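Chemist: please work out how this folds:
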Amino acid sequence: MRNHFGLLIAIISIVLFGCVTPSNIFVAPSEYEEISCKNYFSLRDCGLYSPYKGYKITDVFIRGVDTRYENGTTETLLKLANDTSAWDGPARYVYATDFIKNKAETDPTWVDRVDAVANNKKYNGHYIVYAYERPERKSFDGYTTKVIIYDIEGVPTQEQIDSDKASAAAAAAAAEKKAKAEKYAKLNSAGKSLANGYTYHGVEEVEKNCKLFANGALESGHAYYISGFVVINGGSMATIEYLDGLFFSSQSNAVFVDYVNQKVKGEVVEACVKNLYGQTIKTPVTVIVAGGKDVTEIPVVLGIIEEK
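Modeler: This next block holds a predicted model:
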């Protein structure tokens, strides 16, 4: 499941169109003591702040958001954590109502960018959060205090996010290409071994190979990598099965085939034809087939390829 901060969008609408924390005579301190998020979490809430000093908290993981209705005002709080391994671990709540309202006005894409990298360990877990304690004046019982966010550093620009996506897509494409090349190399190694002495047409040409087989156009002296090979009539004939979507398939015309020896015929028929609860189930297999030599030009199955 993808964790994200989609709730922030709703929160911004609350902040923009609902009640906002009224201005306070207390201002953010000018001094911020740097502390790692791990050490910040090791300290007790009591006495953590002073009226004259805030904290520059490094390596912060933003776990998400929460809202509270306090004194006629909907407050937005960010959940800060120092552990990126789970989304339900310990968190410290810091008030961010005014901060998010300001971001919505001055940097409209900020919320979307935070949401976009919620699961990106390159960014989330490495934020720098400036926070301080602000006394809140109340009518009857003196002051209460709130830990307020002053600023957050490390949220990537849209250009950085787009660049990361492009790099990730390129890396995924390169990895897929490499895996495909490695798979093809392995399959072709097995195919060439069976096609020793023939001009070999490998897995890269499989679609063309299958069409040539189905149309009786294999050349003598050439061997072909053939997938979707299904035997009929006890193995004396074969068709090519083509997948048409996830649940449907079609088959080519039947072609007479021969085998290099009885052992290969037995292996191919056994792999292709299964008996399940009294029903004959035919499973397509991959084989190497050589073009026929005599006047009949009957293709010769040289062996079966295990595709794993």
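Chemist: C-alpha only now, for contacts and for neighbours.
Modeler: Fine.
Chemist: backbone torsions only: list them for Val153.
Modeler: In this structure residue 153 is Glu, not Val. phi -110, psi 150 (degrees, to the nearest 10).
Chemist: helix or strand: which one has Asn39?
Modeler: helix 37-42 (DSSP states H and E).
Chemist: helices or strands next to that helix in the packing?
Modeler: Counting contacts by 3 or more Cα pairs under 8 Å, 6 or more residues apart in numbering; DSSP states H and E, helix 37-42 packs against strand 53-70.
Chemist: could I have the strand it packs on exported to CSV, CA atoms only?
Modeler: The C-alpha trace of strand 53-70 is given here as CSV (Å, rounded to 0.1, in the frame of the first residue of the first chain):
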residue,chain,number,x,y,z
LYS,A,53,15.4,29.0,21.5
GLY,A,54,14.0,26.6,18.9
TYR,A,55,15.4,23.4,17.3
LYS,A,56,16.8,22.7,13.9
ILE,A,57,15.9,19.1,13.7
THR,A,58,17.8,17.1,11.0
ASP,A,59,16.9,13.8,9.3
VAL,A,60,13.2,14.1,10.0
PHE,A,61,10.7,11.7,8.6
ILE,A,62,7.2,13.2,8.0
ARG,A,63,4.8,10.4,8.8
GLY,A,64,1.7,12.2,7.9
VAL,A,65,-0.8,14.7,9.2
ASP,A,66,-3.6,15.1,11.7
THR,A,67,-6.2,17.6,12.6
ARG,A,68,-7.6,18.9,15.9
TYR,A,69,-10.5,21.2,16.7
GLU,A,70,-9.3,23.5,19.5
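Chemist: how many degrees apart are the following helix or strand past that strand and strand 53-70 in direction?
Modeler: Once strand 53-70 ends, the next helix or strand along the chain (criterion: DSSP H and E) is strand 73-81. On the basis of axes from the mean of the first three to the mean of the last three Cα atoms, to 10 degrees, strand 73-81 is oriented at 130 degrees to strand 53-70.
Chemist: state the mean pLDDT of strand 73-81.
Modeler: For strand 73-81, mean pLDDT rounds to 90.
Chemist: same check on stretch 122-134?
Modeler: 92.
Chemist: got the buried residues for it?
Modeler: 123-134 (16 or more other Cα atoms under 10 Å).
Chemist: ok, residues contacting that stretch?
Modeler: Applying Cα atoms under 8 Å, 6 or more residues apart in numbering, the contact partners of stretch 122-134 are 26-29, 32, 49-51, 53-62, 82-84, 94, 117-118, 145-156.
Chemist: buried ones only from the residues you listed, please, as a PyMOL command.
Modeler: Buried residues among those (16+ other Cα under 10 Å), as a PyMOL selection:
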select buried, resi 28+29+32+53+54+55+56+57+58+59+60+61+62+82+83+84+94+117+118+147+148+149+150+154+155+156
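Chemist: can you classify Thr286 by secondary structure?
Modeler: strand (DSSP: H, G, I helix; E, B strand; the rest coil).
Chemist: next up, the contacts around it.
Modeler: Neighbouring residues of Thr286 by Cα under 8 Å, 6+ apart: 225-229, 304-307.
Chemist: do that again at 7 Å, thanks
Modeler: 226-229, 304-305 (Cα atoms under 7 Å, 6 or more residues apart in numbering).
Chemist: returning to that earlier point: what lies in contact with the helix holding Asn39?
Modeler: Residues contacting helix 37-42 (Cα under 7 Å, 6+ apart): 57-60, 82.
Chemist: one more time with 8 Å
Modeler: Outside helix 37-42, the residues that touch it by Cα under 8 Å, 6+ apart are 57-60, 81-82, 92.
Chemist: report the separation between Ala166 and Asn215.
Modeler: Distance of Ala166 to Asn215, given as Cα to Cα, to the nearest Å: 43 Å.
Chemist: before we move on, what about Ser250?
Modeler: Ser250 sits 15 Å away from Asn215, taking Cα to Cα as the criterion.
Chemist: what about the stretch 51-200 of the chain, any weak spots by pLDDT?
Modeler: For the stretch 51-200 of the chain, the stretches with pLDDT under 70 are 51-52, 85-87, 137-143.
Chemist: how about the helices in it?
Modeler: 97-106, 110-116, 158-194 (DSSP state H, counting those that start in this stretch).
Chemist: from the chain's centre, how far out does the shortest one sit?
Modeler: Relative to the chain's own centre, helix 110-116 is displaced by 19 Å; criterion: Cα atoms, centre = their mean, to the nearest Å.
Chemist: the first one too?
Modeler: Put simply, helix 97-106 sits 32 Å off its chain's centre (Cα atoms, centre = their mean).
Chemist: if we go by neighbour counts, what in it is buried?
Modeler: If you call a residue buried by 16+ other Cα under 10 Å, then helix 97-106 has these buried ones: 97-98, 100-101, 104.
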